[in-house]
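Trainee: Here's a sequence, model it:
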Amino acid sequence: MRFVIISFAVLGFAFWELSGGADFEPRGLRPAKPERVAAQPAAKPEPLVQVEPAKLVAKVSLTPYTPGPTPVEKAALTSQEQLERLARARASLNKGLTLFDDDAAQGGTLTLASLEGGILALGVEPGEPEPAAEPQTFTYDRPAPDLREITGSRVNMRDGPGTLYPVISRLTLGHKVEVLDDSGTGWLRLRVLPEQQIGWIAASLVSKKSN
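Mentor: The predicted structure follows:
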């Protein structure tokens, strides 16, 4: 009995697989297969410009070559003819280049005008030499030195216009100095008298310029 049940189970499973298994659809519920339609040939595109093959060939007209007249070589002149031509050319040149008439050419005299008076009239008489100009001398007035005094009790003179520069000397009240340059930044470049040492001191520590 068990063998029969197993046989029916195997047969049922085989039938189920042969009929499509899980994808089985009844005949009435299957969708209709699409009909096959033959593909239509693509339309051949028409050319934008109709060109005839006959017009693509250029027609060239050839003109037959006609030879020109052959140049005739001139006969070479003999030495006698060349001498005669040279003699005629020389005679014509002598006749055309004559500046005087026949009488003058046969012994007439030619009188030239004297140019002595004209040349003397054109002469320039030398004048008296001008006196030499005296050399001019220019005098340069050197401006008076700008002498001032130190107004501070103990003033540092530095190597440049600012406190960042090192101190090179110290001056006391009333020390004579000569101002050389005013930078406009509150510092004066001056020379210490009579030591002739040059440095920078704040303008507020130096007396005003005397008018």
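
Trainee: tell me the pLDDT at A91?
Mentor: pLDDT for A91: 78.

Trainee: can you check G127 too?
Mentor: Reported pLDDT for G127: 59.

Trainee: What of K55?
Mentor: 61.

Trainee: Doesn't N156 belong to a helix?
Mentor: No. With DSSP: H, G, I helix; E, B strand; the rest coil as the criterion, N156 is assigned strand and is not in a helix.

Trainee: Do I have it right that it meets Y165?
Mentor: No. Using C-beta atoms under 8 Å as the test, N156 is too far from Y165 to be in contact (9.9 Å). Glycine gets a C-beta too; all of them are placed from N, C-alpha and C.

Trainee: These two - which one has more neighbours?
Mentor: N156 (18 against 15; other C-beta atoms under 10 Å).

Trainee: ok, the residue nearest to the more buried one when sequence neighbours are not counted to W200 distance?
Mentor: Excluding its sequence neighbours, the residue lying closest to N156 (C-beta to C-beta, 6 or more residues apart in numbering) is V167, at 4.6 Å. According to C-beta to C-beta, to the nearest Å, V167 stands 10 Å off from W200.

Trainee: the more surrounded of the two?
Mentor: Shown here are V167 and W200; by other C-beta under 10 Å, W200 has more neighbours (22 against 11).

Trainee: ok, how many other residues are close to L171?
Mentor: Number of residues near L171 (other C-beta under 10 Å) recorded here: 24.

Trainee: My error: substitute Q40 in the last question.
Mentor: Residues contacting Q40 under the criterion other C-beta under 10 Å number 6.

Trainee: SS state for it?
Mentor: coil.

Trainee: That one and E46, how far apart?
Mentor: 18 Å.

Trainee: low pLDDT regions in the chain?
Mentor: Applying pLDDT under 70 to the chain picks out residues 19-35, 37-38, 47-62, 70-77, 94-129, 131, 138, 140, 211.

Trainee: where along it do the strands fall?
Mentor: Using DSSP state E, the strands of the chain run over residues 146-149, 154-158, 167-172, 176-182, 187-192, 198-202.

Trainee: so which of the ones you listed comes closest to S210?
Mentor: Closest of these to S210 is strand 146-149, at 7.8 Å (criterion: C-beta to C-beta).

Trainee: buried residues in the closest one?
Mentor: Residues of strand 146-149 classed as buried: R148 (neighbour count, 16 or more other C-beta atoms under 10 Å).
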